[in-house]
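Visitor: Everything below, folded, please.
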Amino acid sequence: MKVTHLGVIVPALIAFLMMLSPWLAEPFEIWLGKSPLRVRLWRLAELGFVFWLLTLLVYFAVLLRSHDQVDTAFRPELIVILGSSTPNAQPSPALVERLRLGHKLALVFPGATIVVSGGIDFRQTVSEAQVMKDYLIRLGLPEPRIIVEDESTSTYENLLFTAKKLQTLKMDQQTRMMIVTSDFHTLRSELIATRVGWKEVRSAGAITPLYMRYNAWIREYFACLSGWLLGEF
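Guide: Numbering: from 1, shown residues only. Okay, the predicted model is just below:
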């Protein structure tokens, strides 16, 4: 998956500026005090920042309400497990949770086709999809049941390229699909799936490891913003 997108760049920039703030605060205050216009603009910027924080809190509340809601009555014909980072051709902790949940659902719905979706990570030589397939086989899932989509580099491409891949199996976007991803990612993945043309979509969210959970939520906020700006949903 792409590692340089708005959901990564903006939080990194904010963190960098916070680290510099002890050294920049005094020179900035001197510069600010030289112009009333600068002071007014700064006050507007502060109000904008407060508004941004409020939207972030609202977004977090939406995530809390949506990520753990799985439609147990939904009977998927297709289970699509979305990729995440695979350092040294090994699934990351977040991806391991997705794969474990995907394997569990594959056992619950034995008639469903399983798709693992994800291209080659930055500085890696093996696709996420291949790493995912190997892991599922080690868990006991039969290899013929797994379809590999190994060209995508974003959630949008995951779902678009999966649709194209399934055309060879005479499956289309009317197929009942369950997306398996991280808990914070379910909302955006469903929106993108609908935008791409899938008609019957549900998602199942794997738990995000605690050490990365809140950072991931902030990144996902900006990823949703960039996805909206880019017309992905």
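Visitor: Can you classify the residue most central in space within the chain by secondary structure?
Guide: Geometric centre of the chain, nearest residue: His185, 4.4 Å, by CA atoms, centre = their mean. Under the three-state scheme (DSSP: H, G, I helix; E, B strand; the rest coil), His185 adopts helix.
Visitor: and the residue lying closest to it once chain neighbours are set aside, what does it touch?
Guide: Using CB to CB, 6 or more residues apart in numbering and skipping the chain neighbours, the partner closest in space to His185 is Glu220 (6.3 Å). (C-beta placed from N, C-alpha, C; glycine too.) Residues near Glu220 by CB atoms under 8 Å, 6 or more residues apart in numbering: Gly7, Leu63, Phe184, His185, Arg188.
Visitor: Helix or strand: which one has Glu220?
Guide: Taking DSSP states H and E as the definition, Glu220 sits inside helix 210-229.
Visitor: returning to that earlier point: kindly provide the distance from the residue nearest to the centre of the chain to Tyr135.
Guide: According to CB to CB, to the nearest Å, His185 and Tyr135 sit 19 Å apart.
Visitor: Give me the pLDDT value at the residue nearest to His185.
Guide: pLDDT recorded at Glu220 is 86.
Visitor: Is Ser84 located within a strand, as I assumed?
Guide: No: secondary structure of Ser84 (three-state DSSP): coil, not part of a strand.
Visitor: thought Phe116 was touching Gly83?
Guide: Wrong residue type there; residue 116 is Val, not Phe. Yes: with contact defined as CB atoms under 8 Å, Val116 reaches Gly83; the gap is 7.1 Å.
Visitor: Need the overlap of contacts for these two.
Guide: In contact with both Val116 and Gly83: Glu128, Ala129, Met132, using CB under 8 Å, 6+ apart.
Visitor: Dump the residues you listed into JSON lines; add neighbour count, secondary structure and pLDDT as well.
Guide: Formatted as JSON lines, these follow (neighbours: other CB atoms under 10 Å; DSSP: H, G, I helix; E, B strand; the rest coil; pLDDT from 0 to 100):
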{"residue": "Glu128", "neighbour count": "31", "secondary structure": "helix", "pLDDT": "97"}
{"residue": "Ala129", "neighbour count": "25", "secondary structure": "helix", "pLDDT": "97"}
{"residue": "Met132", "neighbour count": "29", "secondary structure": "helix", "pLDDT": "98"}
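Visitor: where in this protein is pLDDT low?
Guide: Where the chain drops to pLDDT under 70, the residues are 1-8, 10-11, 66-71.
Visitor: which one in it is furthest away from the centre?
Guide: Lys34 (44.4 Å).
Visitor: That residue is in what secondary structure piece?
Guide: Lys34 belongs to no helix or strand, assigned by DSSP H and E.
Visitor: how far away is it from Phe28?
Guide: To Phe28, Lys34 is 11 Å away according to CB to CB.
Visitor: So what's the residue count around Ser85?
Guide: The number of residues packed near Ser85 is 18, by other CB atoms under 10 Å.
Visitor: State whether it and Ile120 are indeed in contact, as I suppose.
Guide: No: Ser85 is not in contact with Ile120 according to CB under 8 Å; the separation is 11.4 Å.
Visitor: which neighbours do the two share?
Guide: Counting by CB under 8 Å, 6+ apart, the residues touching both Ser85 and Ile120 are Glu128.
Visitor: quick revisit: do you know how far the residue farthest from the centre of the chain is from Val126?
Guide: 56 Å.
Visitor: Lys199 now?
Guide: 33 Å.
Visitor: now swap in Leu82 and tell me
Guide: 17 Å.
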